[in-house]
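*Asks:* my questions are about this predicted structure, shown below with the sequence.
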Amino acid sequence: MTNNLDTFFGAISDPTRRAVIERLAEGPAPVSELHAPHDIALPTFMKHLKVLEAAGLVRSEKKGRVRTVHIEAAPLAEAEHWLNRQRRIWEGRLDRLQLLAEQLERETK
């Protein structure tokens, strides 16, 4: 699972790739539409798509001359699960720290 998370977080570490994921959350799109808002050469943009595809975040299919890209939910769900687990751990730690601070405050009065 750690390797999948490493790949996931590496893939979304780039703002262009995050923008692609955000756009694909609305639905599938052709590569030309995904590329349009980015001021980079198409070959460079395609490298970004390859990173997302290698991470399992997107898949593409070609019909005729049009390549359409679709989002894949599984890696997002896995990362969400990991983040929620981390949040619960840290909330528990912060709750215990708050209790300790309150106890120390009562003892100094």
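*Replies:* Happy to help now that I have it. Bear in mind that the values here come from a model prediction, so they are computed numbers and not experimental data.
*Asks:* in the chain, which residue is closest to the centre?
*Replies:* residue 12 (4.9 Å; Cα atoms, centre = their mean).
*Asks:* list the buried residues of the longest helix out of those in the chain.
*Replies:* Using DSSP state H, we find that the single longest helix of the chain is helix 73-107. The neighbour-count check on helix 73-107 (16 or more other Cβ atoms under 10 Å) flags 75-76, 79, 82 as buried. In this view, the C-beta of every residue, glycine as well, is placed from N, C-alpha and C.
*Asks:* hmm, which helix or strand of the protein has the shakiest average pLDDT?
*Replies:* Lowest on mean pLDDT, DSSP states H and E among the helices and strands of the chain sits helix 2-11, with a mean of 86.
*Asks:* would you pull up how far that one lies from the middle of the chain?
*Replies:* In terms of Cα atoms, centre = their mean, to the nearest Å, the centre of helix 2-11 is found 9 Å from the chain centre.
*Asks:* and for stretch 61-78?
*Replies:* Distance, centroid of stretch 61-78 to centroid of chain: 15 Å (Cα atoms, centre = their mean).
*Asks:* average pLDDT across that stretch?
*Replies:* In this model, stretch 61-78 has a mean pLDDT of 92.
*Asks:* list the contacts for the residue nearest to the centre of the chain?
*Replies:* By Cβ atoms under 8 Å, 6 or more residues apart in numbering, the contact set of residue 12 is 18, 21, 57.
*Asks:* who's in contact with the helix or strand hosting the second one?
*Replies:* Using DSSP states H and E, residue 21 sits in helix 15-24. Residues from elsewhere that reach helix 15-24 (Cβ under 8 Å, 6+ apart): 11-12, 29, 34, 37-38, 40, 45, 48-49, 51-52, 57-58, 69-71.
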